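*Asks:* no FASTA, just this:
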């Protein structure tokens with residue numbers, strides 16, 4: 001009798017814990033989806049802003065080996 005009550009309460013606790021974990025993961029996924037939709041992307045590559053040195057010009061930086 002006590003063993004069945006212990007088993008039942010353990011199974012109920014495990015079911016509740018599983019439900020909480022699923023609800024938490026669903027909430028995290030929902031928040032991530034809302035954040036992705038709500039904000040514009042920042043960062044990334046800025047290919048248009050890169051300036052390549054002209055051919056024949058020297059780079060002012062030097063490699064110093066010690």
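*Replies:* Received the coordinates, thanks. Just so it is clear, the model here is predicted, and its values are computed rather than measured.
*Asks:* Where does pLDDT dip in this protein?
*Replies:* 38-63, 66 (pLDDT under 70).
*Asks:* where do the helices sit along it?
*Replies:* 2-38 (DSSP state H).
*Asks:* Near residue 14, how many other residues are there?
*Replies:* Using other C-beta atoms under 10 Å, residue 14 has 10 neighbouring residues. Where C-beta positions appear, they are placed from N, C-alpha and C, glycine not excepted.
*Asks:* Repeat that for the one 5 residues further on.
*Replies:* Each residue near residue 19 was counted by other C-beta under 10 Å, and the total is 10.
*Asks:* before we move on, what about residue 13?
*Replies:* Residue 13, neighbours per other C-beta under 10 Å, totals 10.
*Asks:* now swap in residue 26 and tell me
*Replies:* 10.
*Asks:* quick one: it and residue 32, what's the gap?
*Replies:* Between residue 26 and residue 32 the computed distance is 11 Å (C-beta to C-beta, to the nearest Å).
*Asks:* Likewise for residue 12?
*Replies:* 31 Å.
*Asks:* and if you look at residue 24?
*Replies:* Applying C-beta to C-beta to residue 24 and residue 32 gives a distance of 13 Å.
*Asks:* Residue 5 too?
*Replies:* Residue 5 is 41 Å from residue 32, by C-beta to C-beta.
*Asks:* re earlier: which residues are common contacts for residue 24 and residue 32?
*Replies:* Counting by C-beta atoms under 8 Å, 6 or more residues apart in numbering, no residue touches both residue 24 and residue 32.
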